[in-house]
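[1] can't give you the sequence, but here's the structure:
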């Protein structure tokens, strides 16, 4: 009957939509996307390491002796104490969850970026300002990348919760409405 066919098509479409995440093609592209994103962030951190070596050398030469001498190690002053320290026990760091390490990286790079921007206003040479501005832009990219991963995580987690809630709500509604009414509404819409 026409009513049965519409209900069958509706049921088939609902089942197909519910099973979309199980399709291997969709899962592969998502996994590759996440892997590529992590690889790009890793590459950016390696690039920043290289960039910092060049920037630090240029800056220390700008400051001159004793700052550009290899064994110079000044005491940390009050302002430097506010700079996030990466000196932490490696076993303790490795013992943190991925989420805790990401959050610590995000906080540290956000604060370090603020300090670098202050430093940018204090340097005297155009070359150094240019290198510092380029480094700050790259570091801003890293901060956005780390923050974006955390934002993406919460976006997907909230989306998952909303979909779960909606499925429950529509299941309750489905139980309240007789199938004939649903079928008639589908036919009225051209299904």
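    Great, that's in hand. These numbers come from a predicted model, not from an experiment.

[2] contacts and neighbour counts: CA atoms only from here.
    Will do.

[3] count of residues packed around residue 58?
    Using other Cα atoms under 10 Å, residue 58 has 17 other residues around it.

[4] same question, residue 141
    Residue 141 - counted by other Cα under 10 Å - has 15 other residues nearby.

[5] also residue 106?
    Neighbourhood size, residue 106 [other Cα under 10 Å]: 19.

[6] how about it, phi and psi?
    phi -60, psi -50 (degrees, to the nearest 10).

[7] from residue 172, how far off is it?
    Distance of residue 106 to residue 172, computed by Cα to Cα, to the nearest Å: 42 Å.

[8] now swap in residue 53 and tell me
    From residue 53 to residue 172 the distance is 62 Å (Cα to Cα).

[9] tell me which element the spatially most central residue of the chain falls in.
    With distances taken as Cα atoms, centre = their mean, the residue of the chain nearest its centroid is residue 149 (1.4 Å). According to DSSP states H and E, residue 149 maps onto helix 126-176.

[10] what's that helix packed up against?
    Contact here means 3 or more Cα pairs under 8 Å, 6 or more residues apart in numbering; DSSP states H and E; on that basis helix 126-176 packs against helix 24-63, helix 98-120.

[11] least reliable of those helices by average pLDDT, please.
    Of all the helices and strands packed on helix 126-176, helix 24-63 carries the lowest average pLDDT, namely a mean of 76.

[12] quick one: that one to helix 126-176, angle?
    Angle, helix 24-63 to helix 126-176, by axes from the mean of the first three to the mean of the last three Cα atoms, to 10 degrees: 150 degrees.

[13] i'd like the first residue to be 21 from this point on
    In the new count, where the first residue is 21, that last one comes out as helix 44-83.
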